[in-house]
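S.K.: below are the sequence and a predicted model for it; my questions follow.
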Amino acid sequence: MSNMEYANPFVLDLAKKGTGRMRVEFINPFVKAAYDVLLAEVKSEIKKGELSIQSSAFTAEEVTVMIGVVGQVQGVVLYGMSERTAKNIVSAMTGQTVPIFDRIVESAIAELGNVITGRASVELEKAGFSCRVTPPMVIVGRGAIISTVSIQRLVIPVEVSSGAIEINVALRESS
Amino acid sequence: MPKVLLVDDADFMRMRSAKLLTENGYEVAEAENGQVAVSKYEALKPDIVLMDITMPVMDGIAAVKEIRQRDPGAKIVMCSALGQQTMVLEALKAGAKDFIVKPFQPDKILATVKKFAG
């Protein structure tokens, strides 16, 4: 896939899944931001898998970056991947082979999630939803259960040359 | 050799920017939050500061205000993923000279540093 088709297919996908609560205006900014940032940083072909909506708790992958969103839109965004993918991404970002998952890899992956979420928040503001993002947290180790409580998660599988990344967007409009 | 103070709580971003700048002939100092940046600014008097916004202890906007209060001529450029119009305006109002939106853009960073620090 040479370009990401992030507008109309999403609307259709969401309609098919019959959810009235998930607002597409909250999702497309993340798809656009992920595409732009990964293209700039990883410089690879980017493929988007099939979207799904989950109401159950999120089970952490080997590496999970968690970033909160507060403001007119609130919730959390989670970026999950394997350690191998994390190392490969940082190798692509730096142009140097990264053999071990260390503090620098952790920092780089956190920053990647931070930049995607930050860019998405700019798009959300343009759509009329002013919000801020909280500093990223990194969870290392598979299996931790993270509940988004009453907020549904939209799962966006993304694949780059470095490996697979699962973006989970659990946002709702503030009351 | 022009001096650049890099302020970012992300180790990776400081490492990456420091490598870029030192390879291009700049002397680099680093700070991991706004409070450390204010101290290092006073001690080192850098030619330019590249400042992140969201940081623990003291954020970038507060640090810009503190530094500009001590040195009204300080050249500070924000370097952040948060490029909302409100955020840019807040930074400029605090005294920042320019705003670079992440992701990492080596050419943009070098051009901006050259513009303000020579």
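M.R.: Noted; the coordinates are in hand.
S.K.: kindly confirm my reading that A:Gly113 is in a helix.
M.R.: Yes. Counting by DSSP: H, G, I helix; E, B strand; the rest coil, A:Gly113 is part of a helix.
S.K.: could you list the low-pLDDT ranges of chain A?
M.R.: Scanning chain A for pLDDT under 70 picks out A:1-22.
S.K.: and the longest strand seen in it, anywhere near chain B?
M.R.: In chain A, with assignment by DSSP state E, the single longest strand is strand A:163-173. No. Against chain B, strand A:163-173 shows no contacts by Cβ under 8 Å from any Cβ of the partner chain, the least distance being 15.1 Å. Backbone N, C-alpha and C define where each C-beta goes, glycine included.
S.K.: ok, which stretches of the chain are strands?
M.R.: All of this refers to chain A. Taking DSSP E, the strands of chain A run over residues A:47-48, A:52-54, A:58-59, A:63-71, A:73-81, A:131-133, A:137-140, A:145-146, A:153-160, A:163-173.
S.K.: my question was about chain B
M.R.: For chain B, strands defined by DSSP E occupy the ranges B:3-7, B:27-31, B:48-51, B:76-80, B:98-101.
S.K.: tell me which parts of chain B are close to chain A?
M.R.: Residues of chain B lying close to chain A by Cβ under 8 Å from any Cβ are B:9-13, B:15-16, B:54-56, B:80-86, B:101-105.
S.K.: 6 Å - rerun?
M.R.: B:Ala10, B:Asp11, B:Phe12, B:Met13, B:Thr54, B:Ala81, B:Leu82, B:Gly83, B:Gln84, B:Lys102, B:Pro103 (Cβ under 6 Å from any Cβ of the partner chain).
S.K.: let me know the closest of those residues to chain A.
M.R.: Nearest to chain A among the residues of chain B next to chain A: B:Ala81, at 2.7 Å, using Cβ to the nearest Cβ.
S.K.: ok, the closest one touching B:Pro103?
M.R.: No. Here B:Ala81 does not reach B:Pro103: they are 7.6 Å apart, not a contact under Cβ atoms under 6 Å.
S.K.: just give the nearest non-adjacent residue to the residue of chain A found nearest chain B, would you?
M.R.: Distances from chain A to chain B, computed as Cβ to the nearest Cβ, single out A:Gly118 as the nearest residue at 2.7 Å. Once flanking residues are discounted, A:Gly118 sits nearest to B:Ala81: 2.7 Å by Cβ to Cβ, 6 or more residues apart in numbering or on different chains.
S.K.: more neighbours: B:Ala81 and B:Pro103, which one.
M.R.: With neighbours defined as other Cβ atoms under 10 Å in any protein chain shown, B:Ala81 and B:Pro103 compare such that B:Ala81 has more, 26 against 19.
S.K.: could the strands of chain B go into a markdown table alongside mean pLDDT?
M.R.: Listed next are these as a markdown table, based on pLDDT from 0 to 100:
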| stretch | mean pLDDT |
| --- | --- |
| strand B:3-7 | 98 |
| strand B:27-31 | 98 |
| strand B:48-51 | 97 |
| strand B:76-80 | 94 |
| strand B:98-101 | 92 |
